[in-house]
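Colleague: Coordinates for the following, if possible.
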Amino acid sequence: QVQLVESGGGLVQAGGSLRLSCVLSGGTFRLYRMAWFRQVPGKERERVAHITESGGSTVYPDSVKGRFTISRDNAKDTVYLQMNNLKPEDTAVYYCAGRLSDYAPYYWGQGAQVTVSS
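Modeller: Numbers count the residues shown, from 1 in each chain. So this is what the prediction gives:
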């Protein structure tokens, strides 16, 4: 059974940085397209980064472009989200997700709280 475990959330001041990590087990990590989502209460879950199986292509929404970077280490079964110049509006629960194709359902991590104080 595929499991995703996130780490690295926490409290940071505006302008600061955090790095989230997510380890996949129970599957062949290099076959999975990986993504990071975030959600705040009362709002829909928003995808903030996506990376292809090889790591050769990444996608970001305008809200985080230039500040967030997704990367992966297929030898460590791990995907990362480097978040720089954080803003209070980045406060959310961040979820790691992976799937085998664009038509497959996502597997989800348990979520990591990120809080940015002003």
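Colleague: the strands in this protein, which residues?
Modeller: Applying DSSP state E to the chain gives strands spanning 3-7, 10-13, 18-25, 33-39, 46-51, 58-59, 68-73, 78-83, 92-99, 107-108, 112-117.
Colleague: now those as TSV including mean neighbour count and mean pLDDT?
Modeller: In this view, the C-beta of every residue, glycine as well, is placed from N, C-alpha and C. Formatted as TSV, the strands of the chain follow (neighbours: other Cβ atoms under 10 Å; pLDDT from 0 to 100):
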stretch	mean neighbour count	mean pLDDT
strand 3-7	17	96
strand 10-13	13	97
strand 18-25	19	98
strand 33-39	21	98
strand 46-51	20	98
strand 58-59	14	97
strand 68-73	18	98
strand 78-83	22	98
strand 92-99	22	98
strand 107-108	18	98
strand 112-117	17	98
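Colleague: Which residues does the nearest residue to Gly111 once chain neighbours are set aside form beta bridges with?
Modeller: The shortest distance from Gly111 to any residue other than its chain neighbours is 4.4 Å, reached at Val93 (Cβ to Cβ, 6 or more residues apart in numbering). Val93 has these beta-bridge partners by DSSP bridges: Gln39, Gln113.
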